[in-house]
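**Q** Got a predicted structure plus its sequence, pasted below:
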Amino acid sequence: MLEALSRGERGFLAATAAVTAGAGVARYAGTAAVLAFAAAGLALAGLAWVVSFATEQVGQRFGPAITGFLQSTLGNLPEFFIVVFALREGQLVVAKTSIIGSLFANALLVLGLVVIVGARRDPGGCMRFKRRLPNDTTTLLLVAVFIIVIIGLTIASGVEAEHHVKAISTVGALSLLLVYGVWLASYLRSDEPREAAHEESGGRLPLAFSIVLLAVSGAGAAFVSDWFIHALQPAIHSLNISQAFAGLVIVAIAGNAVENVTGIVLADKGQSDLAISVVKNSVAQIAAFLFPALVLVSLLFAHTLTFDLAPVYIGALFLTAIAIWQITGDGEAMAFEGLALVALYVVLAAFAWVD
């Protein structure tokens with residue numbers, strides 16, 4: 001089966017296995033925190049590539065809707081485990097900022113880079129894609145932002161409901177999951193059926209092997225995420241950076257390395273619909289599935305996650321939803337529009353750095 005891979009792909013698989021093993025050794029051998037943190041980060045990036053590659057093999061047998069959903073789901077596994085382990089360690093700031101950081105990283109940084117690459121590859125300098133997913137993503141993001149704004153206004157106004165933020169967050173989480181489930185059922189049916197002949201010749205690797213590769217890399221991401229969080233707090237002190245910056249930028253980018261790499265590679269190959277599907281599915285899933293699911297999971301821990309965010313992040317989320325709707329809602333985007341999204345992320349990262 002491995003003979004179907006190029007020499008570079010086999011080498012990258014071997015390197016990922018070696019780095020992951022090294023990260024495990026660094027975790028349990030008492031290695032310096034910064035080195036253990038860097039090793040775990042590299043291992044997460046390597047595993048992200050494996051997930052990306054295996055999903056692309058599976059996805060060549062399906063349409064962009066199913067493939068984008070599959071890739072974003074598996075790509076968000078490290079982020080899910082990172083937040084769970086952060087909650088277990090009592091690092092609530094890191095847990096909360098890493099979730100919204102994932103939203104910002106995907107909706108601004110990754111989407112912006114995908115648009116830049118896709119637009120520059122197109123002879124006309126304009127990246128074109130189907131309009132449904134960008135508009136659906138904006139709707140789901142706005143529903144999540146509505147809940148966050150309501151809770152923020154409740155706390156700011158000091159009304160009686162301020163003492164029931166956990167209960168309101170739980171209701172909001174269940175509502176979001178219901179909306180996401182109904183949308184997903186409809187969206188996945190939007191893929192056009194593939195012809196059997198094309199399906200059989202879709203990938204270089206057998207479907208069963210690709211699925212096993214996905215399962216192994218996903219399980220590896222769970223372990224590495226634990227090592228990553230274990231080394232995070234000591235590394236923050238050693239590097240003298242804030243928890244907000246660590247969660248909003250470092251953890252968010254490391255936890256979403258799949259979308260960072262995959263979307264850009266697909267855009268460079270001219271697969272605009274699939275590139276947008278991977279990134280936009282991830283944004284929709286983080287806002288309407290991952291965040292509410294983690295709110296419910298956190299009820300099992302001493303430190304509970306809610307939709308209560310700082311006012312600056314509430315405003316930034318609302319403006320992000322407007323920005324991605326304005327730029328991608330018409331089914332096309334120019335390179336300068338992608339650069340505008342990246343610029344927004346840089347400004348937000350600068351704020352987190354000095355916060």
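**A** Right, received. Where do you want to start? Just so it is clear, the model here is predicted, and its values are computed rather than measured.
**Q** any low-confidence regions in this protein?
**A** In the prediction, the chain carries residues with pLDDT under 70 at positions 1-4, 52, 59-60, 159-162, 191-204, 255-259.
**Q** which helix is the longest one in it?
**A** For the chain, the helix reaching the highest residue count under DSSP state H is reported as helix 207-239.
**Q** mind listing the helices for the stretch 1-150 of the chain?
**A** With DSSP state H, counting those that start in this stretch, the ranges of helices along the stretch 1-150 of the chain come out as 7-28, 33-59, 64-75, 77-88, 92-104, 111-121, 132-157.
**Q** Show me what the fourth one is packed up against.
**A** Spelled out, it's helix 77-88. For helix 77-88, the contact count by 3 or more CB pairs under 8 Å, 6 or more residues apart in numbering; DSSP states H and E identifies helix 33-59, helix 92-104, helix 207-239, helix 252-255, helix 291-297 as packing neighbours. C-beta here means a position set from N, CA and C on the backbone, and glycine is covered the same way.
**Q** tell me the angle of that helix relative to helix 92-104?
**A** 160 degrees (axes from the mean of the first three to the mean of the last three CA atoms, to 10 degrees).
**Q** quick one: contacts of helix 77-88?
**A** The set of residues external to helix 77-88 that reach it, using CB atoms under 8 Å, 6 or more residues apart in numbering, is 44, 47-48, 51, 92, 94-95, 98-99, 102, 218, 221-222, 224-226, 228-230, 232, 251-252, 254-258, 286, 290, 293-294, 297-298, 301, 303, 305.
**Q** Recalculate using a threshold of 7 Å.
**A** The set of residues that contact helix 77-88 without belonging to it, under CB atoms under 7 Å, 6 or more residues apart in numbering, is 44, 94-95, 98-99, 102, 218, 221-222, 225-226, 228-229, 251, 255-256, 290, 294, 297-298, 301, 303, 305.
**Q** Kindly write the PyMOL command that selects the buried subset of these.
**A** Filtering these down to the buried ones (16 or more other CB atoms under 10 Å) takes a single PyMOL command:
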select buried, resi 44+94+95+98+99+102+218+221+222+225+226+228+229+251+255+256+290+294+298+305
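**Q** and Thr304, helix, strand or coil?
**A** Three states are possible here, and by DSSP: H, G, I helix; E, B strand; the rest coil the one that applies to Thr304 is coil.
**Q** Now do it against Ala173, distance only.
**A** Applying CB to CB, to the nearest Å, the value for Thr304 to Ala173 is 11 Å.
**Q** want to throw the helices and strands packed on helix 77-88 into TSV with distance to Ala23?
**A** Formatted as TSV, these follow (distance: least, CB to CB, whole Å):
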stretch	distance to Ala23
helix 33-59	4
helix 92-104	19
helix 207-239	6
helix 252-255	12
helix 291-297	24
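**Q** which one of those lies closest to Ala349?
**A** For Ala349, the closest of these is helix 92-104, at 8.4 Å, according to CB to CB.
**Q** Tabulate the CA atom coordinates of the closest one in PDB.
**A** Coordinates of the C-alpha atoms in helix 92-104 are reproduced here as PDB (Å, rounded to 0.1, in the frame of the first residue of the first chain):
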ATOM      1  CA  LEU A  92     -10.100  28.300  31.700                       C
ATOM      2  CA  VAL A  93      -8.600  31.300  29.900                       C
ATOM      3  CA  VAL A  94      -6.600  29.100  27.600                       C
ATOM      4  CA  ALA A  95      -9.600  26.900  26.900                       C
ATOM      5  CA  LYS A  96     -11.900  29.800  26.100                       C
ATOM      6  CA  THR A  97      -9.400  31.900  24.100                       C
ATOM      7  CA  SER A  98      -8.300  28.800  22.100                       C
ATOM      8  CA  ILE A  99     -11.900  28.200  20.900                       C
ATOM      9  CA  ILE A 100     -12.500  31.800  19.800                       C
ATOM     10  CA  GLY A 101      -8.900  31.900  18.600                       C
ATOM     11  CA  SER A 102      -9.800  28.900  16.300                       C
ATOM     12  CA  LEU A 103     -12.700  30.800  14.900                       C
ATOM     13  CA  PHE A 104     -10.600  33.900  14.200                       C
END
